[in-house]
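> I'll drop the sequence and a predicted model, then ask my questions.
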Amino acid sequence: MKPIFLIGLPGSGKSTFGKSLASALNLNHVDLDQLIESKNNKSINALFEIYGEAYFREIERNALQELLEKSSSDILSCGGGTPCFYDNMSRMNTAGLTVFLDTCVATIVKRLAKNHNRPILKNKNLEKTITQMRVERIQYYNQAQIIFGEPGNQAKQVLEIQSYLKIQSKGK
């Protein structure tokens, strides 16, 4: 089985859903941001502050490449910007299944208001920033092979992913 890439805006639920999905499918879950932090011995915030976003995106691209070269069947929760830089989205679509968690801005703002320590959102109006980010990134997110709207019945979403994977494996 190929890897499953979860994409979406910050706060859309990629890590939470990724853990549930990995448990349901008996696969490993990898959080790309946690992997980057571990490899660099620095938080995402520190990487942004010290080196800037361009450098971080290069680190992110390299971490994604390493995971793609492993060719393991993991569930990968990507950072919100991962699909939007370099050729990351096309590489993920080629390597596995991409799933866009299209969570509405109001839900994200509600979630992030409690945990507002993300570097790209620091010291900004959350609703305005998330809305603008969605406008800028939606073209990349919409390239996903599966798109889930508002967080719903996770069991149903897991079944939909399983069905998709079975159809894909029969077609090869």
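In hand now; what should we look at? Note that the coordinates shown come from a computational prediction; the quantities given were computed from them, not determined experimentally.
> count of residues packed around residue 163?
Look at residue 163: counted by other CB atoms under 10 Å, it has 10 neighbours. Glycine gets a C-beta too; all of them are placed from N, C-alpha and C.
> That one belongs to a helix?
Yes: for residue 163, which was evaluated using DSSP: H, G, I helix; E, B strand; the rest coil, the result is membership in a helix.
> For residue 140, which three-state class applies?
When the structure is reduced to helix, strand and coil (three-state DSSP), residue 140 reads as helix.
> so it makes contact with residue 89?
Yes: contact between residue 140 and residue 89 holds when scored by CB atoms under 8 Å: they sit 5.1 Å apart.
> thought residue 73 was touching residue 26?
No: the pair formed by residue 73 and residue 26 falls short of the contact definition of CB under 8 Å, at 10.1 Å.
> The two: who's more crowded?
Under the neighbour definition other CB under 10 Å, residue 73 and residue 26 were set side by side, and residue 73 has more, 14 against 6.
> Give the phi and psi angles for that one, as a check.
Torsion angles at residue 73 (phi, psi; degrees, to the nearest 10) stand at phi -100, psi 70.
> go on, the one 10 residues further on?
Note on residue 83: its backbone torsions stand at phi -70, psi -10 [degrees, to the nearest 10].
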